[in-house]
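[1] sequence and predicted structure, then a few things I'm wondering about:
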Amino acid sequence: MRKRILLIYTGGTIGMKKTDKGFTPAPGFLKEALSEISDLARQDFPEWELYEVSPLLDSSNISADEWNGIARVIYESYADYDGFVVLHGTDTMAYTASALSFILSGLDKPVVLTGSQIPLSMLRSDGRENLITSIMIAAEGVVREVSLCFGGRLLRGNRATKMTADGLAAFDSPNYPHLAEVGINIRYNQTAITSGGGKGKLEYRPFSKVPIGVLKIFPGMQFGLFAEIMTEKLSGIVLETFGAGNIPMGDGELLPIIKRAYLAGSVITVCSQCPGGSVTLGAYETSSQLKAVGAVSGLDMTTEAAVAKLYYLFSLGLPTGKIKEYMEKNLRGELTPATDITH
């Protein structure tokens with residue numbers, strides 16, 4: 001029996017139409033483009049149906065509301081399909097992949113995000129290969145979690161990050177092995193796959209509208225300018241620091257600001273600006289002081305995963321102490337526990 005896959009089109013380059021104002025998502029246009037790909041109608045190819053989200057969005061406009069909406073479609077259709085492929089714009093695809101991994105608790109079917117750098121209607125589009133491969137991976141059911149398939153790589157969704165704006169292999173997961181490599185065959189990396197089997201009933205845990213901020217540290221930064229931002233108005237703050245969690249000492253403005261935000265109930269999570277490697281608070285003097293004022297380590301999480309995880313934990317209504325504790329624990333494969341990290 002042929003597997004049944006639901007395609008969920010949210011917008012993004014893969015289904016965009018060329019207009020006088022540039023490429024833009026257009027209702028119904030993707031369906032036309034798919035009808036011209038004969039391989040999608042082959043009898044040895046999985047059955048598929050298309051669900052088009054309304055309104056279609058450029059992925060730059062995706063928010064927690066859209067993450068909840070995509071997850072709800074999967075949740076409500078879960079029993080009717082063997083897998084799901086989410087067609088999404090590349091700019092925020094890694095954020096959405098991370099978010100879905102937390103919203104959908106107990107997932108035991110493939111949810112594969114993909115898209116393209118060139119619209120499907122264009123001659124050199126990479127969308128056709130990404131789409132066909134993603135549908136096949138969703139149908140095979142080897143990786144039963146949220147993943148991201150792009151440019152010949154299958155990545156864990158909450159480990160992925162966009163690495164290039166114009167390359168066709170646009171995504172990578174610097175701190176976690178690829179789940180599969182796509183060549184003549186799809187070669188799964190079984191040691192990296194931990195999903196599937198006995199996870200229990202799927203649960204839908206939508207995100208609330210939690211105020212979360214991301215602050216990237218840079219040399220010569222005038223921290224006083226950000227004092228009004230880092231207050232009790234922000235529930236969660238992701239601090240992108242240098243290296244293993246280091247910050248400039250400067251005139252001593254930053255640490256009091258962080259401490260004030262922490263005492264007001266904010267959860268400050270320290271991530272690294274480096275794509276690879278892990279944050280280790282206390283490895284250097286400039287990072288030990290972050291720990292002293294209440295910041296927690298994001299370890300080797302991407303910023304995308306840290307943001308999604310903060311949304312998730314605050315949406316559960318957990319006390320601040322528990323959120324801090326869980327930010328350093330592995331919940332969905334999004335980080336490597338400190339005890340497993342070697343330096």
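    Thanks, I have the structure now.
[2] what secondary structure does residue 290 sit in?
    Following DSSP: H, G, I helix; E, B strand; the rest coil, residue 290 is assigned to helix.
[3] how about residue 238?
    strand.
[4] tell me the pLDDT of residue 223.
    Note on residue 223: pLDDT of 79.
[5] give me the spatial nearest neighbour of it, chain neighbours excluded.
    Counting by CB to CB, 6 or more residues apart in numbering, residue 223 lies nearest to residue 253, which is 3.9 Å off, once chain neighbours are set aside. From N, CA and C alone the C-beta is placed, and that goes for glycine too.
[6] in contact with the one you found, which residues?
    Counting by CB atoms under 8 Å, 6 or more residues apart in numbering, residue 253 makes contact with 222-224, 227.
[7] any idea how far it is from residue 39?
    59 Å (CB to CB, to the nearest Å).
[8] what average pLDDT does stretch 156-165 get?
    Averaging pLDDT along stretch 156-165 gives 97.
[9] rewinding a little: can I get the contacts of residue 253 in CSV including distance to residue 52, secondary structure and neighbour count?
    CSV is the format used below for the contacts of residue 253 (distance: CB to CB, whole Å; DSSP: H, G, I helix; E, B strand; the rest coil; neighbours: other CB atoms under 10 Å):
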residue, distance to residue 52, secondary structure, neighbour count
222, 46, coil, 9
223, 45, helix, 20
224, 47, helix, 11
227, 44, coil, 14
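[10] reformat those residues as a markdown table; add distance to residue 31.
    A markdown table is the format used below for the contacts of residue 253 (distance: CB to CB, whole Å):
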| residue | distance to residue 31 |
| --- | --- |
| 222 | 51 |
| 223 | 51 |
| 224 | 53 |
| 227 | 50 |
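[11] so which of these is the closest to residue 171?
    Closest approach to residue 171 among the contacts of residue 253 (CB to CB): residue 223, at 32.5 Å.
[12] wait, doesn't that closest one sit right on residue 256?
    No: Residue 223 is not in contact with residue 256 according to CB atoms under 8 Å; the separation is 9.0 Å.
[13] what sits against residue 164?
    Here residue 164 is in contact with residue 170 (CB under 8 Å, 6+ apart).
[14] just say helix, strand or coil for it.
    From three-state DSSP, the assignment for residue 164 is coil.
[15] count of residues packed around residue 315?
    Neighbour count of residue 315, defined by other CB atoms under 10 Å: 18.
[16] burial count for the residue nearest to it when sequence neighbours are not counted?
    Excluding the flanking residues, the one nearest residue 315 by CB to CB, 6+ apart is residue 208, at 4.3 Å. By the criterion of other CB under 10 Å, residue 208 has 13 neighbours.
[17] and the residue nearest to residue 223, how far from residue 292?
    On the measure of CB to CB, residue 253 and residue 292 end up 16 Å apart.
[18] do residue 335 as well
    To residue 292, residue 335 is 22 Å away according to CB to CB.
[19] show me the strands in the stretch 151-300 of the chain, by range?
    Assigned strands in the stretch 151-300 of the chain, in chain order: 153-156, 161-162, 171-172, 180-182, 186-188, 203-204, 212-216, 236-241, 267-272, 296-297 (criterion: DSSP state E, counting those that start in this stretch).
[20] what pairs with the first one, parallel or antiparallel?
    Sheet pairing here is set by DSSP bridges, and for strand 153-156 it gives strand 146-150 (antiparallel), strand 180-182 (antiparallel).
[21] now it - C-alpha only, CSV.
    C-alpha atoms of strand 153-156 as CSV (Å, rounded to 0.1, in the frame of the first residue of the first chain):
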residue,chain,number,x,y,z
ARG,A,153,21.2,16.7,3.6
LEU,A,154,18.7,15.6,6.2
LEU,A,155,19.2,17.5,9.5
ARG,A,156,17.6,17.3,12.9
